[in-house]
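A.B. asks: Sequence and predicted structure, then a few things I'm wondering about:
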Amino acid sequence: MRWLWLSTGAWLQAQMQITIEGYKEGDLLGREYTCDGANVPPTLTWQGAPPETQAYVIRMYDPDAPADTFIHWIVYNYTGTSLSLQTKGLAQGYNDFGNIGYGGPCPPSSDPAHRYVIEVYALRKPLGLSSPPTWDKLLIAMKDKVAAHASTYVRYKRQKR
C-alpha cells in the first residue's frame, strides 16, 4: 500500500484509482479536449473510495504552466463515480482562465508537452459552499473532510501553425 501526504494536512492510504477513458497515464491527450479542438472535458471514472464517502472533488491542473500551477477544472460536491460531457448539473468552481467550468489544455506552442493532472478527492461529507469557489477556497472547505485521493495525468503539446 502507498501512503500519500495531502495538501489538506493528512496522510491517506492510497486506495482509489482514476481512469481517463481511452488513455493510460502519461499518454498524449487528444486535441478535442483542448483549446485547439472542441475544448470539452475527457470522460473520467474512479473506484475504490472508502464507504464513508459522501461527495467528491475533482480537479484538473497543469503543474508545468509558465507562471504557477494552472487550474483547468474544478468540480465539487459530486456524488457519482464517473464524469463525461453528458454529465449535467455539476457544481463547478473557477478555473484560472477566470471562468466557471472546464477550460482545456492550452500551453504555449513553444513549450514542450505539459502534464495535466486529474485528481479525485473522496470527502466524508459535502462542502457547504454557497457560490463557485476558487481552488484556494475549496482547499480550506475540504480541510478534515478528505477520506481518500487519487490522481493520474496526461500530456499535451500544441502543434505550431
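C.D. replies: Sure, I can see it.
A.B. asks: Excluding chain neighbours, what is closest to the spatially most central residue of the chain?
C.D. replies: Nearest to the mean C-alpha position of the chain, by C-alpha atoms, centre = their mean, lies residue 59 at 2.2 Å. In this structure, residue 59 finds its nearest non-sequential neighbour in residue 119, 4.9 Å apart by C-beta to C-beta, 6 or more residues apart in numbering. For every residue, glycine as well, the C-beta is placed using N, CA and C.
A.B. asks: sorry, back to before: just list what whichever strand or helix holds the residue nearest to the centre of the chain packs against, helices and strands only.
C.D. replies: According to DSSP states H and E, residue 59 maps onto strand 55-62. For strand 55-62, the elements it packs on are strand 70-78, strand 114-123, helix 135-142, judged by 3 or more C-beta pairs under 8 Å, 6 or more residues apart in numbering; DSSP states H and E.
A.B. asks: Residue 36: which of those is closest?
C.D. replies: Judged by C-beta to C-beta, the one of the helices and strands packed on strand 55-62 that comes nearest to residue 36 is strand 114-123, at 13.0 Å.
A.B. asks: pLDDT on the closest one, on average?
C.D. replies: For strand 114-123, mean pLDDT rounds to 97.
A.B. asks: List the pairing partners of that strand within its sheet, with orientation.
C.D. replies: According to DSSP bridges, strand 114-123 has the following sheet partners: strand 55-62 (antiparallel), strand 146-156 (antiparallel).
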